[in-house]
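Novice: I would like to see how this sequence folds:
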Amino acid sequence: MACRYPGANNIDEFWSLLENGIDGIVRVPEWRWTKDSAFIMMDGVRQTEAGFLSCPLDMFDAKFFNTNQADLRYLDPQQRIALKVVWEALEDACIDPSTLKNTITGVFGGWWRNDFKEILQPGGIAGAKYDSAIGIEARENILRKYVKQIIRVTLQMNENEQIDDHANFQDLGMDSLMMVEMKNGLQSSVGKRVKISINSVKDCKTVAELSARLVDLISGNESIPNLTRSELKELVIQDAQLPDTIQVGYDIVSTLCPINDISTVLITGVTGTLGPYILRELRYKYPYIKKVYCLLRPNSLLSTDDRFRRCMQAKNILSIEDLEGWVETITGDVGKELIGMNSTTYSKISSEVDAVLNLAVNVTLPERYSNTKNPHSSRIINVQGFKNILEFAVANKLKYVYQVSSIGAEQELGEDEIYKETWPNLEQVDQFPNSAYIISKLICDNLAEQAVSRGVPCKVFRMPNICGDSQIGGNISLENFLMTRFLAYMHLGYMIAEKVPICMMPVDLCAEYSLRLFFMEDTPYEMYNVINPDLGDEREFDELAKDLGSRSMQILEYEDDRRRILEEPPAFYMPFLQGKKDITWSKKLAHFIPDIYPSMIIPSWDILRRDLTLAKKSGVFDKYRIKYTD
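Specialist: Reported below is the predicted structural model:
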C-alpha cells in the first residue's frame, strides 16, 4: 500500500491520523498559493481554501523514473505523485517493477479535471510570448524554439544538442509515429487557439517549414484548397505533358553506348529503402560498372559523404571499404533545375554518365495531389523530379533510364484477370482516390511512355510494398505505411473484418530482378511488374499476431465500408474475392528471367512475419507499447 493524503505523505502517517483522530485537512498556507491569484470563486464563496497535499511537488527524480528533463514542463504534478505512489506500493509489496514487464498488470487512476493541462492550453505554452511578438519572423522564431524542444523530448536528445532549422526530420531520426507524437506536443504548445491535424502539417519536413505552417494556421491563413475531381484531372493532364526540351536529336543518338558497356552510373534516392540494395547489386554483380555517382540532398548537419556512410552502415549489407573510390557523392536535388547542381558540375556529370537510376521518391500517402510548389511534395519530387531526370538523360549524351513506379498506379486488369504490364491509361485517374503518391506515379508512367516514344531508352519497374529481405529475414522500415498499419492493429487490439489482398516483395529481390531486366539487351523499353505473385489476405493477420504473442484481435465490421467497396470495387478486388490468387503474376518476368522468377520469391505473409518478428526482438513492440508474451 502507498498513499498521499492531506496531512499524510505515506501509509504510516495515514494510520497515525486515523488512530489519533486527527483531521488532516487544513487551510492552504500562503507559500503554496495566494488567494488573489489562485482561489476559485463560485457564487462569491471561495472553494479552495482548505485541503491540500503537503508533499513537495517540485521534488521529482526525473532520472530515476527515466523521464527526460525536458518532459517535466509538461508533466502534471498529479502524474509525478502517481508515479511515486505506484512505485512505493510495489516496494511495500516487495515486488520488483522490472518483473512486471509484459505481464497482465495495470494501474488504474482517475481525477476530476485535468487542470494542469488547462493551465497550459488556454493560450498554449508559447501563448504569451507569441502574442507579444511583432511580425511573422519573430513569431516563427518563437515556435521554432518549441518545435525543437518537442523534437528533443521525442528523440531523447540532450538539451545541448543543436537542431538546425533546415534539417530534415527524417535525417534527424523521426519516423511517422514520432511525427504523431510531435503533433500532439505541438497542440499543447499552441493551445486551444487552433486545431492541429496530421494533414495540416504532413508536408512540413523541417523546423523552419513547420514553424511557418503553424504561424499560418494560427493566423487563420488557409492552405491550398482540395481540388474537385474535374480540377484534379485537369491538373494531372497538365503535369503529364513531357517538356519539348526532352528530345533525342541526331547529334546524341550515336552517343548511347551498348548497355553492357555502361561504366558510369548516377543514382538518386540511394539512402532510401531500395537504394542500398541497388548499390550492392551493382557493386558485386556488374563488374563493368566502374563509377557510381550518388545524388544526395544538402543537409546542414551532415555532409553528403557522412550521410551516405551512416546509411550504408545502418543497413549493414555491404562493406564501406568496397565502396571507396567507386562511389562519389554529389550534392543535388531532383526537384530543382539541373537536379540541384551548378551548371559546371551538371555539364561534367551529364557528359560522363551512361545510365541514371531514379530512386528518389516522396511516399507521403495522406498527401493530396494539388498545384503545390512545396519542394518536399510528391508533385515536385516525383513528377518534376522525373522530368528533370529525363532532361538529364538527353543532356550532352544519351543515357539509359531506370525508373521505379508502384503497382498502385495501375487499376486495370487484362482479359486474363492479371494486372496489365503496359503503359497506363491516364484516364484511370478518375478511379483513383486523391493520393498524391499514387497519382504522381501514374503521371510519371505516362511521362516515361512519351519519353520512350521520343527515343529515350527508359524501362519502368512497378513494385508493391517493399519489405523484408529474402536472405537475412526481417527488414524494418517504420516509414512503410503497411508496417505502421499492422503495428497499429496490435497496439489497438482490433482490425477491420474485410478481406484485403496484401502484396509484399523482399527489397533484395526487387533490386535483383529489376536490374537483371534493366541490363538485358533483349528486354524492350517498357513497363515491368516486379511484384509478388503470392498474395496474402489481411483478414488473416489476427492469426499472425497471435503467433507473435500479441493479444487477440477484435474484428470490427463496417457495413458502410463494405457496401461502398462492393458497389464500386477496384478492378482487382472481385477476382481476389472469388479466389483468384495470380492477379499479380508477371508474364514478362516469367519470360525473361525464368531462372529466378518466381522460384526465389517467398509468400507475402512470410515476409511480414519476418519483419514483425525482427520488430519484436529489436524493441519496436516495446517502444509503441504493444502488449505481447514471449
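Novice: what packs against the helix ranked longest in the chain?
Specialist: Using DSSP state H to define each element, the chain has its longest helix at helix 136-155. If you count contacts as 3 or more Cβ pairs under 8 Å, 6 or more residues apart in numbering; DSSP states H and E, helix 136-155 packs onto helix 127-132, helix 169-172, helix 176-190, helix 207-219. Quick note: C-beta positions are derived from backbone N, CA and C, even for glycine.
Novice: how far does the third one sit from the chain's center?
Specialist: A distance of 14 Å separates the C-alpha centroid of helix 176-190 from that of its chain, computed with Cα atoms, centre = their mean, to the nearest Å.
Novice: still on that earlier bit, can you put the helices and strands packed on helix 136-155 in TSV and add mean pLDDT and distance to residue 284?
Specialist: Below are these laid out as TSV (pLDDT from 0 to 100; distance: least, Cβ to Cβ, whole Å):
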stretch	mean pLDDT	distance to residue 284
helix 127-132	63	55
helix 169-172	81	28
helix 176-190	74	32
helix 207-219	81	39
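Novice: what's the closest of the ones you listed to residue 333?
Specialist: helix 169-172 (13.8 Å; Cβ to Cβ).
Novice: quick one: contacts of that closest one?
Specialist: Contact partners of helix 169-172, identified using Cβ atoms under 8 Å, 6 or more residues apart in numbering, comprise 151, 155, 163, 179, 205-206, 299, 301-302, 307, 479.
Novice: ok, back up a step: average pLDDT across the longest helix of the chain?
Specialist: Taken as a whole, helix 136-155 has a mean pLDDT of 82.
Novice: all helices for the stretch 251-400 of the chain, in order.
Specialist: Under the criterion DSSP state H, counting those that start in this stretch, the stretch 251-400 of the chain contains helices at 275-285, 304-315, 320-323, 343-352, 378, 385-393.
Novice: and those, which is most packed in?
Specialist: The highest average neighbour count among those, using mean count of other Cβ atoms under 10 Å, belongs to helix 378 at a mean of 30.
Novice: and residue 262, which of the helices of the stretch 251-400 of the chain is closest to it?
Specialist: Nearest of those to residue 262, taken as Cβ to Cβ: helix 275-285 at 9.8 Å.
Novice: what's the closest of the helices of the stretch 251-400 of the chain to residue 136?
Specialist: Judging the helices of the stretch 251-400 of the chain by Cβ to Cβ, what sits closest to residue 136 is helix 378, at 27.2 Å.
Novice: about what we covered before: mind putting the contacts of helix 169-172 in JSON lines, distance to residue 536 included?
Specialist: Converted to JSON lines, these look like this (distance: Cβ to Cβ, whole Å):
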{"residue": "151", "distance to residue 536": "36"}
{"residue": "155", "distance to residue 536": "34"}
{"residue": "163", "distance to residue 536": "40"}
{"residue": "179", "distance to residue 536": "27"}
{"residue": "205", "distance to residue 536": "32"}
{"residue": "206", "distance to residue 536": "37"}
{"residue": "299", "distance to residue 536": "37"}
{"residue": "301", "distance to residue 536": "39"}
{"residue": "302", "distance to residue 536": "38"}
{"residue": "307", "distance to residue 536": "35"}
{"residue": "479", "distance to residue 536": "21"}
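Novice: got the helices of the stretch 251-400 of the chain as a markdown table, with distance to residue 16 and mean pLDDT columns?
Specialist: Listed next are the helices of the stretch 251-400 of the chain as a markdown table, based on distance: least, Cβ to Cβ, whole Å; pLDDT from 0 to 100:
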| stretch | distance to residue 16 | mean pLDDT |
| --- | --- | --- |
| helix 275-285 | 66 | 96 |
| helix 304-315 | 58 | 90 |
| helix 320-323 | 67 | 91 |
| helix 343-352 | 80 | 97 |
| helix 378 | 67 | 93 |
| helix 385-393 | 73 | 98 |
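Novice: how near is residue 6 to residue 89?
Specialist: Relative to residue 89, residue 6 is positioned 19 Å away (Cβ to Cβ, to the nearest Å).
Novice: let me fix that, I meant to ask about residue 443.
Specialist: 60 Å.
Novice: out of those two, which sits in the busier spot?
Specialist: When neighbours are counted by other Cβ atoms under 10 Å, residue 443 and residue 89 differ, and residue 443 comes out ahead with 28 against 15.
Novice: looking at it, the more buried one is touching residue 383, isn't it?
Specialist: Yes: at 5.2 Å, residue 443 counts as touching residue 383 under the criterion of Cβ atoms under 8 Å.
Novice: what is in contact with the two at once?
Specialist: Residues touching both residue 443 and residue 383 (Cβ under 8 Å, 6+ apart): residue 239.
Novice: phi and psi next, for residue 504.
Specialist: Residue 504 adopts backbone torsions of phi -130, psi 140, taken as degrees, to the nearest 10.
Novice: quick check: beta-bridge partners of it?
Specialist: Beta-bridge partners for residue 504, by DSSP bridges, are residue 465.
Novice: and the residue nearest to residue 337 when sequence neighbours are not counted, what does it touch?
Specialist: Leaving out its chain neighbours, the residue that sits closest to residue 337 by Cβ to Cβ, 6 or more residues apart in numbering is residue 388, at 7.2 Å. By Cβ under 8 Å, 6+ apart, the contact list for residue 388 reads 334-339.
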